[in-house]
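**Q** Pasting a predicted model and its sequence here:
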Amino acid sequence: MSDYFTRPEEIGQNHKITPIYICRPAGLEPCLAVLSPAQKNYVAAHKFGGKSGQAVLVPGEDGSVACVLFGAGPDNGYASSALLAGTLSEKLSFGVYEIVSKPADWDAPLTAVAWGMGAYRFSRYLTSEQKPPMLVLDETMDAAQTIAIVRALHNGRDAIN
């Protein structure tokens with residue numbers, strides 16, 4: 001499909017999908033409710049409060065990343081909009097991720113486009129390609145439109161670089 005996106009049906013049985021919980025400071029409790037007591041202590045130790053752009057990779061019992069918590073900040077317009085998803089994809093390493101909760105005012109297609117914008121890396125002259133994180137597109141994210149927009153943006157950025 002794309003270097004940045006995939007669909008649930010394209011993921012093999014043995015591939016792990018890491019859930020992402022995006023929350024505002026006022027809506028923190030539902031995101032924390034899915035965590036074990038040890039994970040809640042880990043999140044508290046990292047002072048996660050849902051601040052804008054704040055991210056915590058929460059470990060599972062085996063030490064691997066069990067989920068990602070990402071702060072959307074208080075609802076104050078652009079600074080807390082779905083475009084913040086781009087900063088999240090910049091922070092994550094290669095893997096397959098799925099946004100399982102996000103603020104109600106975040107537009108799903110815009111969230112996906114922002115993810116693709118943030119995952120962009122100019123790599124034309126690099127010998128080792130670092131793979132970007134992949135987002136699982138749900139039924140509310142138009143895959144063809146999202147990929148077309150992200151490719152157009154990347155082509156423009158490539159031309160500038």
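**A** Yes, it's here.

**Q** C-alpha from now on. contacts and neighbour counts both.
**A** Noted.

**Q** and residue 76, how many residues sit next to it?
**A** Residue 76 has 8 neighbours, counted by other C-alpha atoms under 10 Å.

**Q** so what pLDDT did it get?
**A** At residue 76 the predicted local distance difference test score is 78.

**Q** got it, and residue 45?
**A** The pLDDT attached to residue 45 in the predicted structure is 97.

**Q** what's the neighbour count on it?
**A** Residue 45 has 9 nearby residues by other C-alpha under 10 Å.

**Q** Name all residues that make contact with residue 84.
**A** Taking C-alpha atoms under 8 Å, 6 or more residues apart in numbering as the contact definition, residue 84 lies against 52-53, 72, 111, 114.

**Q** That one belongs to a strand, doesn't it?
**A** No. Judged by DSSP: H, G, I helix; E, B strand; the rest coil, residue 84 forms no part of a strand; its state is helix.

**Q** So which of the contacts of residue 84 is the closest to residue 63?
**A** residue 53 (23.6 Å; C-alpha to C-alpha).

**Q** Mind jotting down where the strands sit in the protein?
**A** With DSSP state E as the definition, the chain shows strands at residue ranges 5-6, 17-23, 55-59, 65-71, 96-101, 134-136.

**Q** Please identify the deepest-packed of these.
**A** Between the strands of the chain, strand 134-136 has the highest mean count of neighbours, a mean of 25, where neighbours are mean count of other C-alpha atoms under 10 Å.
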